[in-house]
Every structure is written in structure tokens, then in C-alpha cells.
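Trainee: have a look; sequence and predicted model below, questions after that.
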Amino acid sequence: MALPAHASTGERVWHYCYLGICCLIFLFLIAPILIIMPLSFNAEPYFTFTQKMMALDPEGYSLRWYDKILTFGMANPDIPREAAWWSDAWNNATWLHAMKNSALIGIVATVFATGLGTLAALGLSRPEMPFRRAIMALLISPMIVPLIITATGMFFFYSATGLAHTFIGIVMAHAMLGIPFVIITVTATLVGFDHSLTRAAASLGAMPSTIFRQITLPLILPGVISGALFAFVTSFDEVVVVLFVASYDQRTIPLQMWNGIREQISPTILAVAAILVVFSIVLLTTIELLRRRSERLRGISPG
Amino acid sequence: MADFDQPDTDAVLTTADGRPLRQALDRAMRRARWRAFLLVVPLLLFVVVTFAVPIVQMLYLSIHNPVFSDHMPRITAYLKAHPDVGVPGEEGFKALALDLADAKKNRTAGQVGVRVNYDRAGSNSLFKSGARKAAKFKGPPYKEKLLNYRQDWGEAHLWNVIRRASHAHTLGFYAAALDFTYDAGGELVRVEPERQIYVMLYLRTFFLSALIAGLCLLLGFPVAHLLATLPLRYSNLLMIFVLLPFWTSLLVRTTSWISLLQSQGVLNDLMVAIGIIGDDGRVQLMYNQYGTIIAMTHILLPFMILPLYSVMKTIQPVYVRAARSLGATSLTAFLKVYFPQTVPGIGAGTLLVFILAIGYYITPALVGGSSGELISNQIAFHMLKSLNWSLAAALGALLLFGVLGLYWLYDRLIGVDNMKFG
């Protein structure tokens, strides 16, 4: 996108204006996410920068809100921080409880969604698959139908079947919401899949299960993993369905944040948010590395 | 003479084991089709059970509310047997009184009262107190006793409402979802202007979603263009600016917008510090439409940039260069040559953002206040607070039809299998 040598003055001016506009848009995209980081170290219970923080005075910064993540909900937060304190925090702290729930629900739902989704994607990417378009549209629709409608439907269905307020109910709901992402990423990987490899394996006498394990799976693994990450993030970020069908025991991090923002807004939420941003940076890096690996495997080299 | 070209009908091509080739091929194809289908079946069943069935059940609930007919069986049967009666006589009131006494015993009078209250204010207390009274009746005359207790029981409008509530199948909730109600004579009329909220909310949801999609396009187009034309080394790096928001939790992004937009928040502090506004002139950026628009534009922008980018990536730069070398100005080359090629991406991104925006709930609920509220917020309100589930289902069904229409359009124009992330 270098400016050609023959560009006129007007074009030069416009070119730099255009780059400036793009910079502003990038700022708009990224600033709200990065602003969380310094704000979460605020020593005061405010959602904005204090005078001391602006002056970079160390007194303006503290870890009190990170500490609060551990102490909030504990039975005896003031006893000395020894084994008893830590076990109290592990068992009673509200945020840790929510984190444990989020991790458990997310992981089980991801395993479920990835297993079923990969299997279905293998079928859907075969040219002989009947009703391909209609089935694909149905399987993708949980991503398109507004969450509030899905949650409303689930509320009635779960109340009638006794799945409301159970872990298995939320896991099923989250698996269902993650499936479209698995299908999309895995079918996209299978588009570039060379089927002569599986035919070669079959002609050499491999069983279909061996072909899948030894040939297909290693090649589509990057797609499967990034689909699984999408499914995990979907579950980890989901709040509407949880709001409708979960009870206190199943509260997840997003639900705890939602309640926190609605009830007693405290910078603890900023500290949790900052941790989640770091978490998403890790996820993004993983996805990027996987994508590069997948491109290398399929022989598409980045220019 | 053409007979030479005709194959001998007896000599059908066969496979090695003697079966006709056509049959063998058909069989192999059928087996392959079944194999592909069987791979999809487990997931299909799962999605049907956990997604399609609940949605269909919700749709049914929007036209079926058996609360009244289940808990008040006698009066329901009476009204069915006497389709033309307005305010019933002693026989009808006997049925009503016995039902009310049962409702008192089973503690269902409240539910029945709430059901009638949807269409006639004040019915909740009328039914609850009536049930308490009726439980003490020793015998006839029921009509006289009930009317002596509260004159309302003889009101023609109440009986119109009761008759409609006694039909388990009704389109009344769709009428309510479109701001219609039944007047005293049982005619469908618009509700009073100050209570007409749903049509206005649907329109607002539609316009705000369109505005947000438009803003996303305006902001997303230059960025996608830059990313698509820069060398891959730089664009991969800049892509982080798009993908990090995409991967960050929705609640985290909403929280950060709260800290930015509050009247004591970062943006207002910044403007006061620079001196654009005085400390007493802080701008209310949140708990109104601005909050919804700003936060949702930010949250949905990656969904615009990614499809645009993937389309722009495939556009060959030689076309624009050819146009320039033939004498077009850079503006003409952009408008006539480059822009038309980006239209599929614009369609995909705009439609995707619009579809996602139309069903948004969390962000408007947290930063939108009442003027930035969308239809989803009313659905949640009726589900969680007012507990008028059939109305929530009807409101949701109307929204669902709209979204499915757009989804169908998306599938026709772009194809769901062409969707990509990152």
C-alpha cells in the first residue's frame, strides 16, 4: 500500500488522512480493552483515573481489588493468611466459585460440542451428503437465533423436563451454542483436505477407524482445536441462558459480573475483567499459532 | 440406420461378479450417502432436542395458555356450552363459585387472577378475594352473593375477558405484542397511546440495528481495506487490533464501556481536563441511546471487518492499476472498479451485524437505560419479572420470524457455509 511516485499532492494528503483515520479506528477498537488494565489497579473505589494515578504516584495504585476477588464471600477473610485462610477462600470465595463453575461447564460443553461437531463436519463435507444445505442451515442456526429467544425456549423446555438448575442442563445448552463454531471451523479445514490420502490408506488395507486416527485427524487437528477454543469461549462468555436456567449454585463468571454490574458496582469487576483480557490474549495467541501450523500443513505459506 | 448405434439391450454392462453396473453403482452411492448421513445423525438429534424442540415449544406457548381452563374447569365448560351468553345467570355463577372455591383450596387463584389481569387491570385482587369469599359459601344463590360482595363480577367487560381467557388457544398474546387489545365490546382495538410500547420498540430495535450496521460499515471499510492491501507482515500484526476485541468477553467490553462513558468516567474526565466542557457540564453518554449505539458498534465491529477483509483479500490490485493507466482518477478507479468488487463483503458484513444487533440483550440492558432499550429487554422483563410468559413467547416469536427471514436472505445471498472467522 505504498504511495506510488507519481501520486499528486491531493492524493498524498488523502493518503495520510486515510492512515490517520485508520489509526483512530484501531484506537477505538483496542483502547476500551486496554484501559481496563491500569484502572483495575486503582487504590480508590472509582471507575476512573484518580489524580494520584495520573501523576504515576505509586500510592494511587494497589492490588486491593485483586485481593477482593479472593476475599469476597469468604467466611473469615481477616484471619492470618495460612492454610485455613486459603481453604476458606477456595471453598467460599464467590468469584472462585464462579470460576470453578465456568471452567467445569466450559470444558465439558467443549468436549461434547467438539466431538459431535467434528463427526458431523466429516459427514457434511462429503459431496454425497443428502440435504446438505438444509441440515447445515439448521446446525448453524443456534448462532444466528438471538440468545434471548434460545434462552426463553430453554427455560420452558428445562422447566418441563427438570433440567433447570442442573449442571447437565447448562452443559447441554452451552454445547449446543458452541456447535456452529466447531462445524464452521472444521468444515473450513476440510475444504482443503486431500482425499487421495485417505484413499491411499484404504488401498493399503487400513481400517476406516485407523484412517481417521492416523491420517484424517492429524491433518484437521488445527481446525478441530480452534473450533474447540471457539466453543469454549462461547460457553465461557455466555450469560443469557445461564441467567434464565441456572440457580445460585451454577453461577458462572459472566453471571457474577452481570450481577455485580447491576447490584453493587465495585472495581473488583475491573480486576476480573483485566484477568479475562489476559486470558483472551493467551487464547488469541494460541489460535494464531494454530492457524499458521494449519497453513503450513496444507502448504499455504504466508507471503 | 440408427440401429447400429443402439447398444444391444441384452448385453448390459456388468461388474466382475455379474451384477449390472448401474445397480452396483447405485448401491455404492446409497451406502456412501448413508455413511455421510450417519455421521451427522448424532449431532442432528442433539440440536433438534436441545434447540429446535424448545423453540417450537415456545412458539406453541405463544398461542396456547391453559392456565385459566386448567384451573377453572367448570366455568370453562359452561362458557363453551353457552357461546352467546354475556354475563351468565345463576348456573354460570354456580360454576364460577365452585371453581373459585377449588382455586382457593389448590392455591391457584393467584395464577388465574394474573392471567385475567393481562387483559383487565384489577382482576388479580378480584379473583383472589373472590376465591377467599367463595370458599365460605354454603350454597345458592351464588350470583347474588358474589355480586353483593363485589359489583365488578357483573361487569360485561370482565366476562368478555374471562371468556377469552377460557380459550386455551388464543392469538391474544400476538395482539398484545402488537399493541392491540380487546375493548369492552370484544373488538380488537389499539391500546391507549401511552401504553403502545412494543411496536415502537420493534421499530427502535430495527432502526438502531440498521444504524449500528451502518456505523460498523463506515468504520470497518477503511480498516478492512488497509488490512487487505498492506503486506502480510504488517497486516497480521494489525489484525490483532481486530481479533483481540473479537476474543474478549462481551461483559468485559461492556464493563470497560461503562468505565469510559459514565458521567464520572474516563471520557468525561478527559473532556473536562482538556477544557471542552466544564465540570458541571458533563455529558450523559450512558443509560441512553448513545450508550447502546457506541458500545454495540464497538462490540460488533469485528463481525464487519472480518468478512469485508476476506472479500477484499481476493480482489486483484491489477484492476485498479489498469483503470489508473487508462486515465481514471483515483476516485473514479475506486468507485467504478474497486468498490463494486467489495459488495459481496459489504452484504455479508452488514447482514451479519444487523442480525446479531437485532437480538442483543446484555449490552443494552447494562448501558442503554430506558431509551436505549431493545425488544430483547422487554422479552427478558416478561420472562423474569412480570412472568407473563406467553407474551414473552409471542414477542420472541415475532423477533424470531424477522431474524429467520434475514437468515434465509443471508443463506440465499452469501451461503451459511461461506462463513469464516479469523
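Mentor: Received, thanks. As the structure is a prediction and not an experimental result, all values here were calculated from the model. Numbers count the residues shown, from 1 in each chain, chains lettered A, B, ... in the order given.
Trainee: count of neighbours near the closest residue to chain B within the stretch 51-200 of chain A?
Mentor: Residue nearest to chain B within the stretch 51-200 of chain A (CB to the nearest CB): residue A:146, separated by 2.2 Å. In this view, the C-beta of every residue, glycine as well, is placed from N, C-alpha and C. Residue A:146 has 25 neighbouring residues, counting by other CB atoms under 10 Å in any protein chain shown.
Trainee: for it, grab phi and psi.
Mentor: Reported as degrees, to the nearest 10, the phi and psi values for residue A:146 are phi -50, psi 140.
Trainee: can you tell me how far the residue nearest to it when sequence neighbours are not counted is from residue A:243?
Mentor: Distances taken as CB to CB, 6 or more residues apart in numbering or on different chains put residue B:359 closest to residue A:146, at 2.2 Å, once the chain neighbours are dropped. Distance from residue B:359 to residue A:243, counting by CB to CB, to the nearest Å: 15 Å.
Trainee: packing partners of the helix or strand hosting residue A:294?
Mentor: Remark: residue A:294 resides in helix A:268-297, with elements defined by DSSP states H and E. Counting contacts by 3 or more CB pairs under 8 Å, 6 or more residues apart in numbering or on different chains; DSSP states H and E, helix A:268-297 packs against helix A:36-39, helix A:64-71, helix A:217-237, helix A:253-262, helix B:232-247, helix B:250-261.
Trainee: looking at the ones you listed, which is closest to residue A:9?
Mentor: helix B:232-247 (25.4 Å; CB to CB).
Trainee: returning to that earlier point: just want the angle from the helix holding residue A:294 to helix A:64-71.
Mentor: Here helix A:268-297 runs at an angle of 90 degrees relative to helix A:64-71 (axes from the mean of the first three to the mean of the last three CA atoms, to 10 degrees).
Trainee: please point out which parts of helix A:268-297 sit buried.
Mentor: Going by neighbour count (16 or more other CB atoms under 10 Å in any protein chain shown), the buried part of helix A:268-297 is A:268-277, A:279-280, A:283-284, A:287-288, A:290-291, A:294.
Trainee: ok, residue 251 - contacts?
Mentor: No chain in the question, so chain A it is. A:97-98, A:101, A:242, A:259 (CB atoms under 8 Å, 6 or more residues apart in numbering or on different chains).
Trainee: nope, chain B please
Mentor: By CB under 8 Å, 6+ apart, the contact set of residue B:251 is A:237, A:239, A:254, A:257-258, A:261, A:273, B:362.
Trainee: now the phi/psi pair for residue A:56, please.
Mentor: Torsion angles, degrees, to the nearest 10, at residue A:56: phi 60, psi 30.
Trainee: residue A:69: neighbour count?
Mentor: Close neighbours of residue A:69, defined as other CB under 10 Å, add up to 21.
Trainee: list the contacts for residue 294?
Mentor: Just so you know, I chose chain A. Applying CB under 8 Å, 6+ apart to residue A:294 gives the contacts A:189, A:222-223, A:226.
Trainee: I was after chain B.
Mentor: Contacts of residue B:294 (CB under 8 Å, 6+ apart): B:257, B:261, B:285.
Trainee: next, count neighbours for residue B:166.
Mentor: Residue B:166 has 21 neighbours, counted by other CB under 10 Å.
Trainee: roughly how far does the closest residue to it other than its chain neighbours sit from residue B:393?
Mentor: In this structure, residue B:166 finds its nearest non-sequential neighbour in residue B:76, 4.4 Å apart by CB to CB, 6+ apart. Relative to residue B:393, residue B:76 is positioned 22 Å away (CB to CB).
Trainee: more neighbours, these two?
Mentor: Using other CB under 10 Å as the criterion, residue B:76 and residue B:393 rank with residue B:393 on top: 31 against 22.
Trainee: residue contacts, that one?
Mentor: Listed by CB under 8 Å, 6+ apart, the contact set of residue B:393 reads A:152, A:156, B:58-59, B:61-62, B:173.
Trainee: which of those lies closest to residue B:16?
Mentor: For the contacts of residue B:393, the nearest to residue B:16 is residue B:59 (55.2 Å; CB to CB).
Trainee: so that closest one lies in a strand, does it not?
Mentor: No: if the criterion is DSSP: H, G, I helix; E, B strand; the rest coil, then residue B:59 is helix and not within a strand.
Trainee: residue B:125: which of the contacts of residue A:251 is nearest?
Mentor: When the contacts of residue A:251 are compared against residue B:125 (criterion: CB to CB), the nearest one is residue A:259, at 32.5 Å.
Trainee: and that closest one, how close does it get to chain B?
Mentor: 11 Å (CB to the nearest CB, to the nearest Å).
Trainee: contacting residues for that residue?
Mentor: Neighbours of residue A:259 in contact, by CB under 8 Å, 6+ apart: residue A:251.
Trainee: can you tell me the element the closest residue to chain A within the stretch 51-200 of chain B falls in?
Mentor: Nearest residue of the stretch 51-200 of chain B to chain A: residue B:54, at 3.4 Å (CB to the nearest CB). Using DSSP H and E, residue B:54 sits within helix B:53-63.
Trainee: so for that helix, what gets flagged as buried?
Mentor: The neighbour-count check on helix B:53-63 (16+ other CB under 10 Å) flags B:54-55, B:57-59, B:61-63 as buried.
Trainee: now those residues as CSV including pLDDT?
Mentor: CSV is the format used below for the buried residues of helix B:53-63 (pLDDT from 0 to 100):
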residue, pLDDT
B:54, 93
B:55, 94
B:57, 92
B:58, 92
B:59, 92
B:61, 90
B:62, 91
B:63, 91
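Trainee: one step back: of the contacts of residue B:251, buried ones?
Mentor: By neighbour count, with 16+ other CB under 10 Å, those hold A:237, A:239, A:254, A:257-258, A:261, A:273, B:362 as buried.
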